[in-house]
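In: Sharing a sequence plus its predicted fold:
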Amino acid sequence: MSLVDDVRVHYQQPQGLFVAGKQVPAASGATLEIVNPATSEPLARVAAAQAQDVDLAVAAAREAFERDDWRGLAPSKREQLLWRIAELLQEHADELGVIESLNNGKTLSEGRGDAGAAADCFRYYAGSVRRLRGETMDVDAPSLVYTLREPIGVCGQIVPWNYPLLMASWKVAPALACGCCVLLKPSEWTPLTALRLADLCKQAGVPDGVVNVLPGDGPVAGEAIARHMGVDKLAFTGSVATARSLLKASAESNLKKLSLELGGKSPLVVFPDADLDAAAKAAFWGIFANKGEVCSASSRLLAHRDIKEQLVDRLAKMATTMRVGDPLDPGTEMGAIANSKQYDKIIRYLELGKQQGARVAAGGQALGGKGLFVQPTVFDDVTPDMTVASEEIFGPVLSVLGFQHEEQALEIANASMYGLVAAVFTKDVSRAHRVARGLQAGVVWINRWNGFDCAAPFGGVKYSGWGRELGEHAIDLYTQTKCVWVA
């Protein structure tokens, strides 16, 4: 059998929660049906965690944390185990790519790429284990004063369905590097690679109870994690609405520390002196990679009036010829929308854009058939007051807005509740740095889009969230500082 057939056969068997080193059914017997979005056919059945299951998983994680065979493990040993997880992710990249493609609808090449990026994340944080350090300081009193970096404890981690494995790795890897234990809740739509990650962590030698995975509905399992008194920290990637409910749950329980990455409506600003080929390519893949289901998608293209028509023509031709279809076909450039709820949302936005007067330069329709496929869409003549210019669609829909001068570009770019990422394309070095400083975003790219590296921090301002993932900044999310005075 082929690898794809092997994966399909494997997932004909029911999948459990991963608690204390093994798969177990939900205490209530509840399950989730997992669907392949490219065919709309059942793919797997997975246990659905309820509050009772969260209690059991928190107990397992707390026992593992207090047992001290993880946080107290020699740094070189913990480093080796994270390296081993990275090696296993790389060894199983083809398998993980197939699972991700079948479960999420992304192309096989994108799924494999996510597995490689996940491996790189674990390699990076393996190197961080022995860079955890405190500091000494001079004080007025005749004392030695120093600080310790200590693991924050049991961490709840709630990840979305657009990059199931990669987002899990962004959270699990730094938490493990710091000596924490985790309860990972994948999306109810895409739990399969998170469960496989737990298997690989166990295979690498991570002690039982350190990594637990709880598939389940957000309002049930996610809420239970957020409210649990035994959870010390919560990390979440998703919507503003869900973040509000998690904040409330934390406030009403033990005020657990939160880090939030909440999406964006990100502007790509192109000035008339820019390399238009490079700008068009960046804008194209910035919105249509991974079906536009990307928090950092370049969903707003702000083009100077002198070159807007040229850019739109190029993008429309590229979108019209983009190959959309079977995610497992090596020639496919864009796969299926990840789930039916998101598909329906995108279709509503397409109709709303047309109703409000945006011009369809390319796409604008569903593709029909059994799977959840949407045409890559370019809306031209969009104005800032249109819904497609202000709300996060999270799909393959580009809104093009014009501007006449630098100040207007910044005004339009910053007129958003979000502030995750942004970019500026220009050959004027002074303008590039000036506009980068003026853009209200946590990450700004100059003459490129989607530059990511595990060493570089990622996160937003305004409604795009709190805190920074990746880089050494993520260590701050999973440690707390203890100050020691010695007389």
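Out: Thanks, I have it.
In: In the stretch 1-150 of the chain, mark out all the helices, start to finish.
Out: Secondary structure of the stretch 1-150 of the chain by DSSP state H, counting those that start in this stretch: the helices cover 3-10, 51-67, 75-91, 93-104, 108-128.
In: Deepest-packed of these, please.
Out: helix 93-104 (a mean of 25; mean count of other C-beta atoms under 10 Å). (C-beta placed from N, C-alpha, C; glycine too.)
In: which other helices and strands contact that one?
Out: helix 3-10, strand 31-36, strand 41-47, helix 108-128, helix 164-177, helix 192-204 (3 or more C-beta pairs under 8 Å, 6 or more residues apart in numbering; DSSP states H and E).
In: Now render the ones you listed as JSON lines, adding distance to residue 18 and mean pLDDT.
Out: Below are these laid out as JSON lines (distance: least, C-beta to C-beta, whole Å; pLDDT from 0 to 100):
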{"stretch": "helix 3-10", "distance to residue 18": "15", "mean pLDDT": "95"}
{"stretch": "strand 31-36", "distance to residue 18": "14", "mean pLDDT": "98"}
{"stretch": "strand 41-47", "distance to residue 18": "9", "mean pLDDT": "98"}
{"stretch": "helix 108-128", "distance to residue 18": "17", "mean pLDDT": "98"}
{"stretch": "helix 164-177", "distance to residue 18": "12", "mean pLDDT": "98"}
{"stretch": "helix 192-204", "distance to residue 18": "4", "mean pLDDT": "98"}
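In: Just put those in CSV and tack on distance to residue 449.
Out: Converted to CSV, the helices and strands packed on helix 93-104 look like this (distance: least, C-beta to C-beta, whole Å):
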stretch, distance to residue 449
helix 3-10, 31
strand 31-36, 30
strand 41-47, 32
helix 108-128, 16
helix 164-177, 17
helix 192-204, 25
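In: Out of these, which is closest to residue 211?
Out: helix 192-204 (4.6 Å; C-beta to C-beta).
In: ok, the nearest residue to residue 327 once chain neighbours are set aside - contacts?
Out: Sequence neighbours aside, residue 335 is the residue nearest to residue 327 in space, at 3.5 Å (criterion: C-beta to C-beta, 6 or more residues apart in numbering). Going by C-beta atoms under 8 Å, 6 or more residues apart in numbering, residue 335 touches 38, 101, 104-107, 110, 291, 324-327.
In: if you set the cut-off to 7 Å instead, what comes out?
Out: Going by C-beta atoms under 7 Å, 6 or more residues apart in numbering, residue 335 touches 38, 105-107, 291, 327.
In: Quick check on it: phi, psi?
Out: For residue 335, the backbone dihedrals (degrees, to the nearest 10) come out as phi -90, psi -150.
In: Excluding sequence neighbours, find me the nearest residue to residue 154.
Out: residue 61 (4.6 Å).
In: Give me the local confidence score for that neighbour.
Out: Predicted confidence (pLDDT) for residue 61: 98.
In: Repeat that for residue 358.
Out: So, for residue 358, pLDDT stands at 98.
In: now do residue 1
Out: 66.
In: Quick check: residue 463 touching residue 417?
Out: Yes. With contact defined as C-beta atoms under 7 Å, residue 463 reaches residue 417; the gap is 4.4 Å.
In: Who has more neighbours out of those two?
Out: residue 463 (18 against 14; other C-beta atoms under 10 Å).
In: Next up, the contacts around that one.
Out: Contacts of residue 463 (C-beta under 7 Å, 6+ apart): 240, 262, 417-418.
In: So for the spatially most central residue of the chain, what's the nearest residue that isn't a sequence neighbour?
Out: Centroid-nearest residue in the chain: residue 167, 4.2 Å away (criterion: C-alpha atoms, centre = their mean). Nearest residue to residue 167 in three dimensions, chain neighbours excluded: residue 159, at 4.1 Å (C-beta to C-beta, 6+ apart).
In: try residue 113
Out: Per C-beta to C-beta, 6+ apart, closest to residue 113 is residue 97, 7.8 Å.
In: what residues are up against that neighbour?
Out: 108, 111-112, 115.
In: what about it, distance to residue 451?
Out: To residue 451, residue 97 is 23 Å away according to C-beta to C-beta, to the nearest Å.
In: same deal with residue 206?
Out: 31 Å.
In: Could you check which of these two has the larger neighbour count?
Out: Under the criterion of other C-beta under 10 Å, the comparison of residue 206 against residue 451 puts residue 206 first, with 24 against 13.
In: give the contact list for the residue lying closest to the more buried one once chain neighbours are set aside.
Out: Distances taken as C-beta to C-beta, 6+ apart place residue 81 nearest to residue 206, at 5.9 Å, with adjacent residues excluded. Residue 81 makes contact with 204-206 under the criterion C-beta under 7 Å, 6+ apart.
In: where does residue 81 land on pLDDT?
Out: With respect to pLDDT, residue 81 has a value of 98.
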